[in-house]
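Chemist: with the input below, show me the fold.
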Amino acid sequence: MFGKTCSLLCFLGLLGPVLSAETSYEINLADAKSGWLVITAETTCPQAQCDFQLPVWNAVYQVRDFAQHVVGFEAHTSRGVAVPTSKRNPSLWRLMVPAGERVQVRYRVRADRPGPFGAYADSEHVCLNLAQVLAYPVDARRHRFTLRLRNVPPRWKVGLELPTSDGAYYAPSYDRLVDTPFHLSDSEETEFEHAERRIRILAHPRGGDYTLRLLKKTVRKIVAATTELMGDVPFPSYTFVYHFSDDPGGGMEYRNGTSIYGPRRCGDCDMSGLSAHEFFHLWNIKRIRPQSLEPVDFSQPNYSPSLWFSEGVTSAYSEYIRLRSGLRSEADFLARLGRLITNHERRPASRTQSAEESSIEAWLEGRPAYGRLDRSTSYYLKGEIVAHLLDLTIRQRTENRRSLDDVMRQLNREYAQQGRFFNETGALESIASEIVARDLSPVFDELVRRPAEIPWNRYFGYAGYRLSETEESRLDLGMSLSSPPGLGIVVARVQPLGPAATAGFRLGDLVVAINGKQVSGGADEVTRQIIVHQQDRVQVRLDRAGVPLVVSLKPGKLSQSVYRLTEIEDPTRLQLTVRQGWLERRTTRSSKSVSSP
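Modeler: Residues are numbered from 1 along each chain as shown. You can find the predicted model right below:
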């Protein structure tokens, strides 16, 4: 089953001597060029019943059942005796062994899911979400783990942000072991030091269409601005892994690193937004964590009402960090905010689903029907908007002496640095109220707990802005697309009697090709690839439950409202003070804003 037969002695000796109190893994890359990995694990079973669990989720809040990629799970004792193994559910294997027995398990994993959230291997590189490939012994999850790599090509660099000992990577627990970027290839590499910490940058492919010097310059600014903002540097080293390809884009945060996917034809493309977002996650969610996500349960959904904060507020800070470091202009920042509001107002669900509810229901995002505009809003979108409105509220009520930055730093001191987890919205509200010395529960009720209409002009009026509305005509497909990890481009919404419905699109169809060319990129990019043909009919190849078909789509026209922030006439001194502080990312207590390094 595993290719060339290896004797039992060879199989049992793969990992060498190990400590009985730890679990040891080996990832064998001998078959990586064919998209297969061989995983070996050794552990001590404290009871006669020893369970191995493969996570059903990680990286994104969706149950993805990683066990679907596993074949040939088998086990032996340290004495070479085959261990009876049974499945308790699709992701849980049960071994029946004498208590205290040392056992080894071995299985193969198909690694053919590219992108920052998956597991992929070929002759050029191996990129892994480790939780997708490493089954863990349930009773030993909190003990020490080690990881060895076998048959790594000699020229390949290892992007694996873990300490090493005796040729193995190690971590104090399974959770820490899988909380690292994992990228192996012949990458380009550069690094720099910040606050006596090593910042490493890997970029793949070597000689690709990107500028390593620009990546380094951008990352240096982001690291300097963010660590100054938060007031600490809570890592011994940090690795940015950039992968430029036609694979699905996005980024995944880890405790001391990130894996970011950008377009193949990048050139001097701006990777600052994703880079700042993932780096700020080093604090917000990796260390400033809601109690609802602890302890992590890899065997089932982990529902949390606070994803609007962990993800959406992080998106806001991606913008704030770029403003602070000179990577984002004030005009571009305000234009983006107008687009966010436009997106929010075009979703009827934004008035029926609260920020907390959108967080809890994040686990439905892999289902096409949930993507309808009248069914859901995004906790990313809602959370980013809430962050800006909270920041303006705090600045207005303290005459710009305090800001949302103070809330983040207080959370860092009270929770992250103390190893504690905040108790959802109530803890956030308590700290914000303490900072402004006023009860902010009505604000949190309006923005977070209830799906209320947002009085935009009240909040933006704090900075001397108002919301203006204009009508614009644009090309429209009469459908929206989504790109759930591992599923491709999915039709998430079809407007009745619209162009897509007339053409024959259905909810859940997979978009495979446009005018004979395989689709690439995320949902927004594929939508753009269709729209770019203007009024011409576009031939779209679909996959409908395994059945291929081709439909002819002609985009229509749609008139919709577009929202922009405009300055009011004769703003007060306080409004100008709040505006200046908000855009320059400073308060009147600080002597100056962060300078560009």
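Chemist: Gly80 and Arg102: what is the separation?
Modeler: 11 Å (CB to CB, to the nearest Å). Yep, even glycine has a C-beta here, placed from its N, CA and C like the rest.
Chemist: more neighbours, the two?
Modeler: Neighbours per residue, other CB atoms under 10 Å: of Gly80 and Arg102, the larger number sits with Arg102, 16 against 11.
Chemist: what's the host helix or strand of that one packed up against?
Modeler: Here Arg102 sits within strand 101-110, counting by DSSP states H and E. Contact here means 3 or more CB pairs under 8 Å, 6 or more residues apart in numbering; DSSP states H and E; on that basis strand 101-110 packs against helix 8-12, strand 36-45, strand 49-53, strand 70-77, strand 92-96.
Chemist: let's see stretch 92-103 as PDB, backbone CA atoms only.
Modeler: The C-alpha coordinates for stretch 92-103 follow below in PDB (Å, rounded to 0.1, in the frame of the first residue of the first chain):
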ATOM      1  CA  LEU A  92     -11.200   9.200  14.800                       C
ATOM      2  CA  TRP A  93      -9.200   5.900  14.900                       C
ATOM      3  CA  ARG A  94      -9.200   3.700  18.000                       C
ATOM      4  CA  LEU A  95      -6.300   1.500  18.800                       C
ATOM      5  CA  MET A  96      -6.700  -1.400  21.300                       C
ATOM      6  CA  VAL A  97      -3.400  -1.900  23.100                       C
ATOM      7  CA  PRO A  98      -2.200  -2.700  26.700                       C
ATOM      8  CA  ALA A  99      -2.000   0.400  28.900                       C
ATOM      9  CA  GLY A 100       1.400   2.100  28.700                       C
ATOM     10  CA  GLU A 101       2.300   0.500  25.400                       C
ATOM     11  CA  ARG A 102       4.400   2.400  22.900                       C
ATOM     12  CA  VAL A 103       2.800   2.400  19.500                       C
END
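Chemist: okay, and for the stretch 1-150 of the chain, where does confidence drop off?
Modeler: Residues of the stretch 1-150 of the chain that meet the criterion pLDDT under 70 lie in 1-20.
Chemist: thought Ala48 was touching Leu95?
Modeler: No. Ala48 is beyond contact range of Leu95, at 9.2 Å (criterion: CB atoms under 8 Å).
Chemist: quick one: the helices in the stretch 151-300 of the chain?
Modeler: Counting by DSSP state H, counting those that start in this stretch, the segments of the stretch 151-300 of the chain that form helices are 174-177, 212-230, 272-280.
Chemist: let's test this: mean pLDDT of the shortest one, rounded?
Modeler: Which is helix 174-177. The average pLDDT within helix 174-177 is 98.
Chemist: what does that helix contact?
Modeler: With contact meaning CB atoms under 8 Å, 6 or more residues apart in numbering, helix 174-177 is reached by 23, 25, 130, 134, 136, 140-142, 145, 147, 162, 169-171, 255, 296.
Chemist: tally of neighbours for Asp268?
Modeler: 11.
Chemist: so how far is Glu429 from it?
Modeler: 43 Å.
Chemist: hang on, the earlier thing: for the helices of the stretch 151-300 of the chain, give me a markdown table that also has distance to Ser403 and mean neighbour count.
Modeler: Output for the helices of the stretch 151-300 of the chain, formatted as a markdown table (distance: least, CB to CB, whole Å; neighbours: other CB atoms under 10 Å):
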| stretch | distance to Ser403 | mean neighbour count |
| --- | --- | --- |
| helix 174-177 | 33 | 21 |
| helix 212-230 | 11 | 20 |
| helix 272-280 | 15 | 24 |
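Chemist: in the sheet, who's paired with the residue nearest the centre of the chain?
Modeler: Nearest to the mean C-alpha position of the chain, by CA atoms, centre = their mean, lies Met252 at 4.0 Å. Beta-bridge pairing for Met252 (DSSP bridges): Ser259.
Chemist: shouldn't Glu42 be in contact with Val103?
Modeler: Yes. Glu42 is within contact range of Val103, at 7.1 Å (criterion: CB under 8 Å).
Chemist: what about the protein, any weak spots by pLDDT?
Modeler: 1-20, 485-486, 533-535, 590-597.
Chemist: related to what we said a few turns ago, please flag which of the contacts of helix 174-177 sit within strands.
Modeler: 23, 25, 136, 145, 147, 169-171 (DSSP state E).
Chemist: one step back: I figured the residue nearest to the centre of the chain hits Phe182, correct?
Modeler: No. The pair Met252 / Phe182 is not scored as a contact, 10.4 Å apart, by CB under 8 Å.
Chemist: need the residues touching each of the two.
Modeler: 129, 259.
Chemist: residue contacts, Ile199?
Modeler: Ile199 touches 191-193, 219-220, 223, 237-238, 240, counting by CB under 8 Å, 6+ apart.
Chemist: adding distance to Leu487, write these out as JSON lines.
Modeler: Below are the contacts of Ile199 laid out as JSON lines (distance: CB to CB, whole Å):
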{"residue": "Glu191", "distance to Leu487": "36"}
{"residue": "Phe192", "distance to Leu487": "38"}
{"residue": "Glu193", "distance to Leu487": "41"}
{"residue": "Val219", "distance to Leu487": "31"}
{"residue": "Arg220", "distance to Leu487": "36"}
{"residue": "Val223", "distance to Leu487": "34"}
{"residue": "Ser237", "distance to Leu487": "34"}
{"residue": "Tyr238", "distance to Leu487": "31"}
{"residue": "Phe240", "distance to Leu487": "27"}
